[in-house]
Structures are given as structure tokens and as C-alpha cells.
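Engineer: quick one, fold the following:
(chains A and B)
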Amino acid sequence: MPIDILMPALSPTMTEGKLAKWHKKEGDEVKAGDIIAEIETDKATMEFEAVDEGKIGKILVAEGAEGVAVNTPIAVLLEEGESASDAKAAPKKAEAPKAEAPKAEEKKAEAPKPAAAPAMKSGASSDGRVFASPLARRMAQQAGIDLKAVQGSGPHGRIVKADVEKAPQGAKAGAAAAPAAAAGKAAAPVASGPGARQLADLLKMPYKLEPLSGMRRTIARRLTESKQTVPHFYLTIDTEIDELLSLRKRLNDKTDAKISVNDFVIRAVALALKKVPTANASYDDSGMMYYEHADISVAVATPNGLITPIIKAAEGKGLTQIASEMKDLAARARDGKLKPEEYQGGTFSISNLGMFGIKQFEAVINPPQGCILAIGAGEQRPIVKNGQIVPATIMTCTLSVDHRAVDGAVGAQFLQAFKGFIDDPLTMLL
Amino acid sequence: MADTSFDLIVIGSGPGGYTTAIRASQLGMKTAIIEREHLGGICLNWGCIPTKALLRSAEIYSNIKHAEAFGFAVEGKVTINTQKVVERSRKVAAQLSGGVKHLMKKNKVTVFDGHGMLNGAGKVKVTKDDKPVADLTAKHIILATGARARSLPGLEPDGKLVWTYKEAMVPPALPKSLLVIGSGAIGIEFASFYRQLGADVTVVEVMDRVLPVEDEEISGLAKKAFEKQGMKIHLGTTVTALKKGIDTVTAVLKDKAGKESEITVERVILAVGIVGNVENIGLESTKVKVEKTHVVTDEYSRTAEPGIYAIGDLTGPPWLAHKAGHEGVICVEKIAGEKDVHPLNVSNIPGCTYCTPQVASVGLTEAAAKAKGYEVRVGRYPFLANGKAIALGEPEGLVKTVFDKKTGELLGAHMIGAEVTELIQGFGIAKTLETTEAELMHAIFPHPTLSEMMHESVLDAYGKALNF
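Structural biologist: Coordinates of the predicted model:
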């Protein structure tokens, strides 16, 4: 019985594509594994391999056709002894299986599932309606999972409990833009590896168990999500802060503002982002997002955990303003009095452990942001300048980068610009 | 000579086998089924169906005895014609077995009368009384040979004084006294049947409660109801020996403390579980794995030997006809490459016991849910508070529901009382559709029905019961 070749879904999110090129014509013999066509999606052009062997009886979708929906028949494959006239009947036959039918179907079932035949489809229909069981809906809501991103495995692609349980962390809702402390509500707890508590109980290790706070749950969930789904890479650069320190001293002597090194760092980051705007970016399935403002999230340790208040549009704020805003935000963060809009929606993060003498570290990206800059301690180190070993105050900074959003060269350009401002802080005052 | 080459062969025509054959044929496969005894297997011929016919007789007898309460005076003595009761049960079975024959014909499934045995890869040998009938070949072979009563050493049934379900179903006369060993569904149904017809019934159960797979609370209520009917129940007790007389059996019972006692009865029914029919079907020549008399399969009923599948009682608990049939359908749909084929979800299989009062359940018991780490919300609603139950004169029973406190998932439902075997499917659908308590609360249940108790039980789980 003729077999319909269907438009393949080359990625889980693909709903339609362009038939870029036919590699076979009507009448050509194909074997399983032969490239029969090229399919172009919004992301890439991919080769489409035959799953069955036979002869191309009829091509149903012409080369160059755009917007071909996934699972539309694009050609008909004939088995041995079948003629092109059988081909026309193919789509109908699917409804009325004859004694011979199972053979074809069995073959399909037994062949390793190709990308062309996705076993699961998204629960969302073309008009955006999501089919999900009531339990799946509730569980998704409780875990902050966006059902639109979940693949349904139930009847007709309906999303069921098991799908939500298996949903990748990447399926988190747009609300995931809310940073660490967005918690409050019960969020899905993250498995803490191979049962720390079980093991401790088993080995009779003494410990104190503190119930998880909302903030702790959110930190666990979001950072696990980040490390597991965001492809991190790291760039490290040394900056010299002797001039910055002396400038800071002079400024602080003249004002009451009490500008910190960190305030300089915030300003330098904001200016560097203005200079290299492609580093102020987020990756989204719908496209690359480049932010217009440098909203800098600054990690602040509180008794309950980490929170990241934001200096909004920092590129337009001077050092004194940054210093006073930061002082206020940090104080209220420690008291747990930040408003959601004060810690939700930054575009770039800074984490500074310099005050603890940490020389250098790599921070975990705060999704959906593209970068986080980890600031080490400023310390006197011998460096070589013009062939002479001289002392200098060095601050090592490491940028963690989401490679989907920012490539290596862009990250490096950003760090160069950042170093430029830190090394020569007068340029920051311009 | 008939065709001997098939796409799919089913060995065994019980509710699992014949359902599987029909579905395979619907999917376009050339299908054969092999049956050594009666089409319909144990279920139709010696299980579910004939016992329901017997229990119906017992129910009518009980109704007549209570006729006065409903305004009827029955003159004279109501006598039981055991032969007729059995005859009706056999007729019902025969009618349905004939129905299966018709279904096979209608669905173009070739039926082979004989004993089917695997004979190498893709081959099945059919014999009748040790004479060859046919040598068949098929790409896919589904084993659905079912199970039989388990016997214990020293307690072997003899078919005369010590019965299995089979003899218990066709008693030549009503025994005056009866010992039932095992209080699972089969044991309890017979205990209930014979007790209702007036026999002196004693039940011995090794576990600490009757119907041990049911929710503990339900087990407790069932025991109370049975004892009220005059049944004697010994829990945590084993039978260590059966001493047979001419027309009586003396059983030695040993309780948990090790104390022995004796009881003399006319007949004994052995209902201590079942074992899979794994013998003489040619498994030795294959890679098929057998563990504890059951064939080991994966979630789509595939055995370790490619092309050989097993479904139903042969593969293990729950030993239920509806599980077998559903498993078979999933198995062949997977073979045919159908879309949206999912493994059976054991938690959604309802179980029914047709004793008086009836018991029905689906999903996790309260204890099992807690053991799985769920924080639960439990709802209860008694028959005594339901209008229809009072009108029927059936005021005893309970509908219990168990929810996951966190997600509102209906984890289990457990019922005891009149007609609950017909009610349970409401919760079965709810579970399969993954409803939460919210949809169940929004659903409108007709008044006056027993089903209103299901609604109230859900409401009670959330402290919102309206009529209690």
C-alpha cells in the first residue's frame, strides 16, 4: 500500500516549514536513509531522510512551497509492485485498512522513530488553545510551567499529568523572568540530588532540618533550571583599580555620597553595555532580544538568601545616584521590604564577593538574562609593566555567558570595554 | 484446508484473548484464536458471569425473605431449587459463549478448537486430544492462557469435599456448612452466596482483614456486615490440615498465637489466589521469562522473545477480565503502530466484588496513598444519609474518596454498599480524565440517586458536604 510521506517536525516547536528542495523526483527509487528533501524552518535548513524504501510515486508539495504544516502529506511512496495510479488512493486508504494494511503499518511502527514522525506533539492547537487535563493544568500552575511549551502525550496530544511531571525546566512560564525572590508561593521543589536526607538518615548523620522557605525553593528551582538548560561559558579578565581607588577616595572626601567600588562596577557595566549593546541580550525561542536599557541586577545577600535588586537604566545614572539608590535597595532587601518591580526584570547581573577576599569565581546566570559578571577582591599583586615587576591592585572579573544569547567575541568585547572604564575611571565620569 | 498463515494469533479466548483478537482484526490483521475449551474462557464460562447469575438468585431469595418489610406477604415456605439456580447460571454462560462465537465470525477471526502451543519462532502447533489439528504461523503471537486456582500443600482440592471455584459454581446440593479459605474477591463472593442461601459459612483469612486489597476502612465495614449476616470470620488464621470424612471435612485452624482449633464442615472452598497457566504452551523453546508462575512482560505486553506477547491473568495482578481485555487492545494497537497508544495505568483499573454488600474501588487506598508520601484529604459519605439508599432499603454502606492535598488529584475511591459496582466507573472516568476535586464538585449528580453520595464524598473531603 502506498505510504504518505509527511512534512516532518524537525524541532519540537516547529509547526510549519518551507519545502526548500526536492532531492528526488517522481519515479526515483529511495532507500531508508536517503536524503529526499531539504526542509527550511525559521531556524535552519535540514535534510529530510526517507524512513521506508520504495519509489516516489507522486510529489504532492512543490519545491519552494512555504508554510507547509507539519504532518501534511508531501509525497507518496510506492512499495514494490505498486503503480503511480495507486498513489492517488493513498490518503483515503488510511481509513479503510485492508488485510494488507498492517504490513505497511507494522513497518512504520518497527522502524526507529524518525524525526519525521514525532511521537508527541504540543498540546497547543494552531489557534493557541491548549488541551490539558484539569490535573495537568493545576500542576503546571503550581510549578509555574507554561503549558504552551509542554508536549502532550495523551489522546490527540492532550497534556496529561505525566507530561507536566516530565516537562523540562525550560518550559517555565514567561513569569520566569522574575528573578530569584519572586517566590512567595509554593514553587516546585527541586530534587536535591540523590536524597541527601535519605542518605543522612541511613548513615545516622546528625543534622538540623529547616523547612524550605519560598525564597530557598525559588533559588533552588531557578538556578537548577539555569545550570541545566542554559549553555554557560566563562570569560575572565584582570582589571587594575589603583586609579579607581584613588579617584574614589578623592570623590568621597568631597561628598557625603560614600561611593563604593561596587558602584563604580555598576556604572562601568552599564556604560560597557551601552558601548557593546549586543551583550545586553536574552535568548527567546521567538527571537533574540536586545534590551534598550541596562537594568543592572545586583546580587545582595540577605539572611534568607539571595536577592537581586535592580538599578534601572543605569547607563543614564551618575555615580552618586547609583550609590544612593544601591544603599537604599540593599537596606530594604535585607529587611525583606523590596517591591516586586524592584527585583524583577533586570537585563544583566553583577555578583560581588570581593569583600570576602574571594579572588575569582563563576556565577550562575539568572535567566532569562544573558550574562552575569562575578567580581573578585581587589588585591595587590605583582604585575609586569614595561619589563618591570611592579605592584598593582588587581580585581579579577569573570563573565558567565549564555551562549545562545551572546557569543564569545561579543562577551570579550564587553569585558574589554568594561576593563577600559575600570582601568581608566575618569572616562566613567564623562 | 483452512489457512494456516496469520498476521496474529491469540492463544486463549478469555475476555483478554477474544477482545484482543477482535481489535487486531479491526486493525486489518489476519487473526486467529485458539481455544482448548470454551470460547470466552473462565470469565464467561466459570467465573465472572455465571457467579453473577448465582448471586442474583441469592439476592432474589433474600428479597423474598424481606418482602414483608416492603408490603408483601409471602404465603408458605420459600424453597430453593439448587438445580434450577445452577441451571440458570449455566444457561447464562452458554448464551454468552455463543455470543463470543458470533463475534469471532463477525470480525473474521479464525477459531481453532484445540490446545495451542508455541513451536519455535512464529509457529504455533494446535492439537486436540493429543492429535494434531494444525500447524500455524504468525508474525505476532499473543499468549492469553489465563490462570487457575492455586492450591496449597495439604489442602489440595478434590472436587468432591474440597472445592475450587469451579465446583462451587455447580453444587449438586446446598451444603449445610461451608468453610471458605481465603477472603479475596472469589472467596468472599462464594461465602456471601452460600450464606444468603442459608448455609453456615466460616471464612478463614491469613491476613488481618477481609478483602485485603481494599481500603482498610472498607474491609472493616465489610467484616461487620458479613458477621451481621451470620458469617464467621477468622482473621490472621491459617488452615494447617484438612481431615476428610465420608461427607464432611474437619479443618485444623491455627491462629496468630499458634493456637489450634478444629471445625467440621460439609464442604470446603479453596480460594487462596491463582497461578498463571504457563505450562504446556511451549515457553521452554523461547526466551520468554516466567516469574512466580506469571509471564514477565513490558508495558506493552512484550515478552523477552520478539514477536511473543502475553496479556491478562497470565501476566499477573490485578487478575481482572477488564484489565486483560484492555491490555490486549493496547498490545495490538502498539503492534499496528497506532498513534496515541499508552501503557495501562494500573491505578485507573476499578475492582469490584459482588458480595452483599458490594465492594468497589479504584486507585490508591488511604494507607497506600500515605505510604507513597501523599498528604491526603479524605471524604466519607454514608449510605444512611442518602435518600435513594433509604428508599431502596439499603441504608448500609460508605463512599470514601482520597485526594492529594497538594494537587487535588483524585487518588482513589472506595465504596461498600448496594450497587456500588455500578457506581465506581464514575470515579474511573474521573481518574482517567485526570479531573481534580474542582470538576467533581462542579459536576451535577442527578437526584435521587446513589451516585449523589459520590458527590457528597468529594465535598466532604474539602469540608463542604451539604447533606450530612
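Engineer: just say helix, strand or coil for A:Ile383.
Structural biologist: Under the three-state scheme (DSSP: H, G, I helix; E, B strand; the rest coil), A:Ile383 adopts strand.
Engineer: report how many residues lie close to A:Met355.
Structural biologist: A:Met355 has 12 neighbouring residues, counting by other CB atoms under 10 Å in any protein chain shown. Placement of C-beta: from N, CA and C, glycine included.
Engineer: how close does the nearest residue to it once chain neighbours are set aside sit to chain B?
Structural biologist: With CB to CB, 6 or more residues apart in numbering or on different chains as the criterion, A:Met355 has its nearest non-adjacent residue at 7.4 Å, and that residue is A:Ala377. Separation of A:Ala377 from chain B (CB to the nearest CB, to the nearest Å): 45 Å.
Engineer: what about B:Leu419, how many neighbours?
Structural biologist: That one is not Leu; residue B:419 is Glu. The tally of other residues near B:Glu419 (other CB under 10 Å) stands at 19.
Engineer: wouldn't it be in contact with B:Leu450 here?
Structural biologist: Yes: look at B:Glu419 against B:Leu450 with CB atoms under 8 Å: they come within range, at 5.7 Å.
Engineer: contacting residues for the residue nearest to A:Met355?
Structural biologist: Shown in contact with A:Ala377 (CB atoms under 8 Å, 6 or more residues apart in numbering or on different chains): A:353-359, A:395.
Engineer: kindly recompute the last result at 10 Å.
Structural biologist: Taking CB atoms under 10 Å, 6 or more residues apart in numbering or on different chains as the criterion, A:Ala377 is in contact with A:261, A:352-360, A:393-396.
Engineer: turn those into JSON lines, including pLDDT.
Structural biologist: As requested, the contacts of A:Ala377 are exported to JSON lines (pLDDT from 0 to 100):
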{"residue": "A:Val261", "pLDDT": "93"}
{"residue": "A:Asn352", "pLDDT": "93"}
{"residue": "A:Leu353", "pLDDT": "92"}
{"residue": "A:Gly354", "pLDDT": "90"}
{"residue": "A:Met355", "pLDDT": "89"}
{"residue": "A:Phe356", "pLDDT": "90"}
{"residue": "A:Gly357", "pLDDT": "91"}
{"residue": "A:Ile358", "pLDDT": "93"}
{"residue": "A:Lys359", "pLDDT": "94"}
{"residue": "A:Gln360", "pLDDT": "94"}
{"residue": "A:Thr393", "pLDDT": "94"}
{"residue": "A:Ile394", "pLDDT": "95"}
{"residue": "A:Met395", "pLDDT": "95"}
{"residue": "A:Thr396", "pLDDT": "96"}
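Engineer: contacting residues for A:Arg138?
Structural biologist: When contacts are counted by CB under 10 Å, 6+ apart, A:Arg138 touches A:132, A:161, A:164, B:406-409, B:434, B:436-438.
Engineer: secondary structure element holding the residue of the stretch 51-200 of chain B found nearest chain A?
Structural biologist: Nearest residue of the stretch 51-200 of chain B to chain A (CB to the nearest CB) works out as B:Lys139 at 7.5 Å. According to DSSP states H and E, B:Lys139 maps onto strand B:131-143.
Engineer: after that strand comes which helix or strand?
Structural biologist: Later in the chain than strand B:131-143, the nearest helix or strand by DSSP H and E is strand B:147-149.
Engineer: what's the next helix or strand after that next one in contact with?
Structural biologist: Helices and strands here follow DSSP H and E; after strand B:147-149, the next one along the chain is strand B:162-163. Contact with strand B:162-163 is made by B:149, B:151, B:155-157, B:169-171, B:175, B:178-181, B:190, B:242, B:244, B:249, B:251, B:267-271, as judged by CB under 10 Å, 6+ apart.
Engineer: tell me what the helix or strand of chain B with the lowest mean pLDDT is packed against?
Structural biologist: Within chain B, no helix or strand scores below helix B:41-46, which has a mean of 90 by mean pLDDT, DSSP states H and E. Counting contacts by 3 or more CB pairs under 10 Å, 6 or more residues apart in numbering or on different chains; DSSP states H and E, helix B:41-46 packs against helix B:15-26, helix B:48-65, helix B:82-106, strand B:147-149, helix B:165-168, helix B:321-335.
Engineer: what pairs with the shortest one, parallel or antiparallel?
Structural biologist: Strand pairing for strand B:147-149, using DSSP bridges, gives strand B:274-276 (antiparallel).
Engineer: quick check, pLDDT for the residue of the stretch 201-350 of chain B found nearest chain A.
Structural biologist: Residue nearest to chain A within the stretch 201-350 of chain B (CB to the nearest CB): B:Gly337, separated by 2.8 Å. On pLDDT, B:Gly337 comes in at 92.
Engineer: do A:Ala191 as well
Structural biologist: For A:Ala191, the model assigns a pLDDT of 50.
Engineer: now residue 274: closest residue in space, sequence neighbours ignored.
Structural biologist: In the absence of a named chain, chain A is used. What sits nearest to A:Lys274 in space, not counting adjacent residues and going by CB to CB, 6+ apart, is A:Glu315, at 4.6 Å.
Engineer: um, chain B though
Structural biologist: B:Ala147 (4.1 Å).
Engineer: following the chain past the helix or strand where A:Ala374 lies, name the next helix or strand.
Structural biologist: Using DSSP H and E, A:Ala374 sits in strand A:371-385. Later in the chain than strand A:371-385, the nearest helix or strand by DSSP H and E is strand A:388-402.
Engineer: to the chain's geometric centre, what's the distance from that following strand?
Structural biologist: Here the centre of strand A:388-402 is set off from its chain's centre by 28 Å, with CA atoms, centre = their mean, to the nearest Å.
Engineer: now the element after that strand, going C-ward?
Structural biologist: Using DSSP H and E, the helix or strand that follows strand A:388-402 in sequence is helix A:408-423.
Engineer: run through the neighbouring helices and strands of that next one.
Structural biologist: Using 3+ CB pairs under 10 Å, 6+ apart, helix A:408-423 sits against strand A:232-240, helix A:242-254, helix A:261-275, strand A:371-385, strand A:388-402.
Engineer: show me which residues of stretch B:337-348 are buried.
Structural biologist: Buried positions in stretch B:337-348, judged by neighbour count with 16 or more other CB atoms under 10 Å in any protein chain shown: B:337, B:341, B:344, B:348.
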